[in-house]
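Have a look at this prediction, sequence included:
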Amino acid sequence: MNKLQFTCTGFNDGEKIPQQHTGRGENLSPEFNIQNLSADAKTIAIIMEDMDVSLPFFGILAHWLIWNIPAQANIKSGIPHGDVVASLGNAMQGIGFGRHKYAGPKPPKGTSHRYKFTVYALSKEITLKNKAKKRHLLSAIRPHIIQQGEIIGIYE
């Protein structure tokens, strides 16, 4: 599998996430710029997780799940709330910490957390209900992953 190379506007891997992309700011999803998207990719899925919160029976806390974004090199910031995102080709947002929306970092004051953004290039559209959680999404996309990449941002 090819590594998917991408950047998030405003921060690089291992850097601080800008305030506008946090729960203490405007809570806007970041912009994603993909450098080497495969010509075979049909859709994109993104999972954002708080690597410093692990829940019994659920594992690492997912803040955001979105899938069926049409394959494209640029995904704009500020993806609207809702289970279906019409402006992104009817992409679906599932249930994470932000129910059907991006829920930016907002760790307890005085603590620092790591947030992992994983972007998946997929060979097909994924059929899942809007009540899907991270485990459902991962199970559904696993056989269709062409490329995968991740960036970790820090917020305190």
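Noted; the coordinates are in hand. Numbers count the residues shown, from 1 in each chain.

Can you tell me what sits against stretch 92-106?
With contact meaning C-beta atoms under 8 Å, 6 or more residues apart in numbering, stretch 92-106 is reached by 17, 21-25, 27-29, 47-48, 50, 61-68, 79, 81-85, 113, 115, 126, 128, 130-134, 136-137, 153, 155. Every C-beta, even on glycine, is put in place using the N, C-alpha and C of the backbone.

Report the distance from it to the chain centre.
Stretch 92-106 has its C-alpha centroid displaced from the chain centroid by 9 Å (C-alpha atoms, centre = their mean, to the nearest Å).

Straight-line length of it, end to end?
23 Å (C-alpha to C-alpha, to the nearest Å).

So for it, mean pLDDT?
Averaged over stretch 92-106, pLDDT sits at 92.

Identify each buried residue in that stretch, please.
Across stretch 92-106, burial judged by 16 or more other C-beta atoms under 10 Å covers 92-98, 100-106.

Cross those residues against strands and list the overlap.
Members of the buried residues of stretch 92-106 lying in strands (criterion: DSSP state E): 92-93.

Dump the buried residues of stretch 92-106 to a markdown table, plus distance to residue 119.
Compiled in a markdown table, those are given as follows (distance: C-beta to C-beta, whole Å):
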| residue | distance to residue 119 |
| --- | --- |
| 92 | 16 |
| 93 | 15 |
| 94 | 16 |
| 95 | 19 |
| 96 | 15 |
| 97 | 18 |
| 98 | 17 |
| 100 | 19 |
| 101 | 18 |
| 102 | 14 |
| 103 | 17 |
| 104 | 17 |
| 105 | 17 |
| 106 | 22 |
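
Closest one of the buried residues of stretch 92-106 to residue 73?
The closest of these to residue 73 turns out to be residue 102 (C-beta to C-beta; 19.9 Å).
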